[in-house]
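Undergrad: Show me the folded form of this:
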Amino acid sequence: MSGEHASRQLIDDYARGDATMAADTVWALEAHLETCAPCRSHLGASVATEAPDIAALLDTVQAGLEPQLDAAVRAPSRRHRLKWVSAWLTPAMAPWLAVIVLVTLMALLLDAASSPTLFGDVSPLLLIAPVLPLCGVAASWSRGLDPTHELTASTARAGLPLLLRRTTAVLVVVLPGLLVGGWLTGTVTAAQWLLPSLAFTSTALALGSVVGVTRAATGLAVAWGVVVVPAWATGRVPLALQLALQQDQLPVWGLLLALGIGTVIVRRNAYSTL
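TA: Sure thing, here's the model as predicted:
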């Protein structure tokens, strides 16, 4: 790659199907071609000169499809309008995000209807906030839930950038709901649930570079549930959990968030091989 465009020699080698090209070079070139019209034009010219057999095949296919394409009725460009959605979300995330919103509403109702001592003076919203994003994060990169996972994972843009996009999409849905819930109840400040939520999310991504994002997010959610569910059932929140959710412990959550982000940056190349 030279400057803002790929070199002519690199494009010619790609057009010929040069088997000696490194895999990472091919991926970088394909990702660049997606957004660079001049380089795509150079590629078209290179195919005509460097790979005439492929050019002839493309002309034959085009000649056969052209009459059918001309006769087809053009549909509204809805797919183009929703293209940005598919770049940030996966269909597998939709039911999980709906469940997250539902759980947030249930916690909000419990917070409004329960007595102050039912959960040991700890807001139900504060108890579930740290792990709410984990459900969507686990679903966003799940091999079993996403039918196009293998296709997505093999693209040039797979890895950490795509994972961060989908994680951001989860947080965009989850965090406003928590913000509104905290504002309506008036029992928790934004920092009390925001830092734990982000800390758990960054930790899941950091651990995901080793064991897989879905396993890491699920494991953290289950570990938190082992502590919280008995507290809900008995109405007694453990003292350690109460102390962890107090405002004076926010620097600890901030440190955990920073460690998670640092680990993700250091191990950024590991996400392409998950």
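
Undergrad: and A138, what pLDDT?
TA: Per-residue confidence (pLDDT) for A138: 76.

Undergrad: Distance of it relative to M21?
TA: 36 Å (CB to CB, to the nearest Å). The way it works is simple: take the backbone N, C-alpha and C, and place the C-beta from them, glycine included.

Undergrad: the more surrounded of the two?
TA: A138 (25 against 14; other CB atoms under 10 Å).

Undergrad: Roughly how far does that one sit from G208?
TA: Taken as CB to CB, the span from A138 to G208 is 9 Å.

Undergrad: any idea of the mean pLDDT in stretch 168-183?
TA: 76.

Undergrad: Kindly report the domain assignment for this protein.
TA: 8-71, 83-273 (automatic domain parsing).

Undergrad: Flag the shaky bits of the stretch 1-150 of the chain, pLDDT-wise.
TA: 1-3, 70-97, 99-100, 103-104, 106-125, 140-141, 145-146 (pLDDT under 70).

Undergrad: if we can go back for a sec, shared neighbours of A138 and G208, anything?
TA: The contact sets of A138 and G208 overlap at T214, A217 (CB atoms under 8 Å, 6 or more residues apart in numbering).

Undergrad: Now the phi/psi pair for G225, please.
TA: phi -70, psi -30 (degrees, to the nearest 10).

Undergrad: Could you give the number of residues near it?
TA: 13.

Undergrad: i'd like the first residue to be 32 from this point on
TA: New numbering, starting at 32: the last item is G256.

Undergrad: That one contacts V162, doesn't it?
TA: Yes: using CB atoms under 8 Å, G256 makes contact with V162 at a distance of 7.2 Å.

Undergrad: Give the intersection of the neighbour lists for these two.
TA: Here G256 and V162 have no joint contacts, going by CB under 8 Å, 6+ apart.

Undergrad: Beyond the one helix or strand A59 maps to, next helix or strand please.
TA: If you go by DSSP states H and E, A59 is part of helix 54-66. Using DSSP H and E, the helix or strand that directly follows helix 54-66 along the chain is helix 68-81.

Undergrad: So which elements touch that next one?
TA: Packing partners of helix 68-81 (3 or more CB pairs under 8 Å, 6 or more residues apart in numbering; DSSP states H and E): helix 39-47, helix 54-66, helix 83-102.

Undergrad: Sort out which residues of the first one are buried, please.
TA: Just to be clear, that refers to helix 39-47. L41, I42, D43, D44, Y45, A46 (16 or more other CB atoms under 10 Å).

Undergrad: Could you list the alpha-carbon positions for that helix in PDB?
TA: In PDB, the C-alpha atoms belonging to helix 39-47 read as follows (Å, rounded to 0.1, in the frame of the first residue of the first chain):
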ATOM      1  CA  ARG A  39      -0.500  -0.600  -9.300                       C
ATOM      2  CA  GLN A  40       1.900  -3.600  -9.000                       C
ATOM      3  CA  LEU A  41      -0.100  -4.900  -6.000                       C
ATOM      4  CA  ILE A  42      -3.400  -4.600  -7.800                       C
ATOM      5  CA  ASP A  43      -1.900  -6.400 -10.900                       C
ATOM      6  CA  ASP A  44      -0.700  -9.300  -8.700                       C
ATOM      7  CA  TYR A  45      -4.100  -9.500  -7.100                       C
ATOM      8  CA  ALA A  46      -5.800  -9.500 -10.500                       C
ATOM      9  CA  ARG A  47      -3.600 -12.400 -11.700                       C
END
